[in-house]
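A.B. asks: 3D, please:
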Amino acid sequence: MSQPPLNALRAFDAVARTGSFQAAAEDLHVTQSAVSHQIKHLEQWLGAPLFDRRGRSPKLLPRAVALARDLTMAFDGIDAACRRARPASSEGALVVAAIPSVAICWLIPRLPAFRALHPDIQLRVIYAHHGHEIDFTSTDVAFTFADAQPVGEGILSHPFLSGCSVPVASRALVGPGPTEASAERLLELGLLHDTDLSGWKTWFARAGLSAPTRLPGSIFEDFNLLRAAALAGQGVALCSLAMIQPDLAAGHLVQLSDISVLDEFDYYLTQSNLTPRDAGRRKARQTFLSWIEDARTQA
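C.D. replies: Now for the predicted structure:
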């Protein structure tokens, strides 16, 4: 038998954890069809179905329940092994987990200023993946995105930036003159989608309009890909104002409507409420959090 298909196993694990193909797609930052393809691939490799597909939502068969339980233990073991394998030199670094949009658009551009002020504090920046639980035994601070404040035993969190998103496009695509655009004009310029079509469907509903039966445009599985496509003049994207302020200020992107989506979402700053035993680490974390707050208010 060939080696197990790891990508398909991760897709199955996500479906089992989240309870649906759509939620798994959001968890993995891929399309629902991609998840379905991976599940079919896994079922073909196993030679047996994993879901009872009768009814509105697929349900795990007994063999799938057992597989999901074993995979959870296996992936947890892999994660623990990787943490143990990290070089000792990184153990003293302050570990900051950030979802890709915050890491690329907000945090990394500001890190030179932090290093200039605090050259003695070493940072280790890693990705936090939307929907994945963060291990705060090895992470000091995390930037996440959610429609409600993260709660749980052992963590503290507070809103960091608004997730409010509006239609934007490159000035080169829009051309000179007024930037306020009608729905017809937006469709003419072309739509760009983040993960799926739900964002633009919500936007048309809030605009009091019926969305076209078939929404055109490319789908991007990551905000940074979506933003890059908008900057390249490939269409109109629904982008978080908090993440694209520099693009708007520089004139690289222009806002085409005040009608927004994702107003109920926020970016959150989360940390463990356990005090690190090492005094230096405690001081470094507090210094970083204070700097983040100053940088946020100055943005």
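A.B. asks: that's a helix at Ala295, yeah?
C.D. replies: Yes - applying DSSP: H, G, I helix; E, B strand; the rest coil, one finds Ala295 inside a helix.
A.B. asks: burial count for it?
C.D. replies: 15 (other C-beta atoms under 10 Å). Placement of C-beta: from N, CA and C, glycine included.
A.B. asks: What separation do you get for it and Ala250?
C.D. replies: 19 Å (C-beta to C-beta, to the nearest Å).
A.B. asks: Show the contacting residues for the closest residue to Gly190 other than its chain neighbours.
C.D. replies: What sits nearest to Gly190 in space, not counting adjacent residues and going by C-beta to C-beta, 6 or more residues apart in numbering, is Gly235, at 3.5 Å. If you count contacts by C-beta atoms under 8 Å, 6 or more residues apart in numbering, Gly235 has them with Ala169, Leu173, Leu189, Gly190, Leu191, Leu192, Gly217, Ser218, Ala229.
A.B. asks: Can you flag the buried ones in the residues you listed?
C.D. replies: Ala169, Leu173, Leu189, Gly190, Leu191, Leu192, Gly217, Ala229 (16 or more other C-beta atoms under 10 Å).
A.B. asks: okay, the fourth one: pLDDT?
C.D. replies: Looking back up the chat, that one is Gly190. Gly190 carries a pLDDT value of 95.
A.B. asks: same check, this time on the first one
C.D. replies: Looking at Ala169, its pLDDT is 97.
A.B. asks: picking that back up, next, format the contacts of Gly235 as a markdown table and append secondary structure and distance to His37.
C.D. replies: A markdown table is the format used below for the contacts of Gly235 (DSSP: H, G, I helix; E, B strand; the rest coil; distance: C-beta to C-beta, whole Å):
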| residue | secondary structure | distance to His37 |
| --- | --- | --- |
| Ala169 | strand | 31 |
| Leu173 | helix | 32 |
| Leu189 | helix | 31 |
| Gly190 | coil | 26 |
| Leu191 | strand | 24 |
| Leu192 | coil | 23 |
| Gly217 | coil | 21 |
| Ser218 | coil | 18 |
| Ala229 | helix | 23 |
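A.B. asks: lowest-pLDDT helix or strand in this protein?
C.D. replies: helix 62-85 (a mean of 82; mean pLDDT, DSSP states H and E).
A.B. asks: closest to Arg206 among the contacts of Gly235?
C.D. replies: Within the contacts of Gly235, proximity to Arg206 (C-beta to C-beta) peaks at Leu191, which comes in at 15.1 Å.
A.B. asks: Find the nearest non-adjacent residue to that closest one, please.
C.D. replies: Leu191's closest residue in space is Gly217 (C-beta to C-beta, 6+ apart), at 3.7 Å.
A.B. asks: Contacts only, for that neighbour.
C.D. replies: Gly217 neighbours (C-beta under 8 Å, 6+ apart): Gly190, Leu191, Leu192, His193, Trp200, Gly235.
A.B. asks: In this structure the third one contacts Ala237, no?
C.D. replies: Yes - look at Leu192 against Ala237 with C-beta atoms under 8 Å: they come within range, at 4.2 Å.
A.B. asks: quick one: common contacting residues for those two?
C.D. replies: Shared contacts of Leu192 and Ala237, counting by C-beta under 8 Å, 6+ apart, come down to Leu226, Ala229, Ala230.
A.B. asks: Ala23: which of the residues you listed is nearest?
C.D. replies: Using C-beta to C-beta, those come closest to Ala23 at Leu226, 20.1 Å.
A.B. asks: gap between the residue nearest to Leu191 and Ala25?
C.D. replies: Distance from Gly217 to Ala25, by C-beta to C-beta: 18 Å.
A.B. asks: Now do the strands in this structure.
C.D. replies: 51-52, 59-60, 94-98, 123-127, 141-146, 155-162, 165-170, 193-194, 219-220, 237-240, 253-255, 266-272 (DSSP state E).
A.B. asks: Out of those strands, which one sits most buried?
C.D. replies: strand 237-240 (a mean of 27; mean count of other C-beta atoms under 10 Å).
A.B. asks: Direction included, what does it pair up with?
C.D. replies: strand 165-170 (antiparallel) (DSSP bridges).
A.B. asks: Dump the partner strand to CSV, keeping only the CA atoms.
C.D. replies: In CSV, the C-alpha atoms belonging to strand 165-170 read as follows (Å, rounded to 0.1, in the frame of the first residue of the first chain):
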residue,chain,number,x,y,z
SER,A,165,-14.3,45.5,4.8
VAL,A,166,-15.2,47.7,1.8
PRO,A,167,-14.9,47.4,-2.0
VAL,A,168,-11.5,48.6,-3.2
ALA,A,169,-9.6,48.5,-6.5
SER,A,170,-6.4,49.9,-8.0
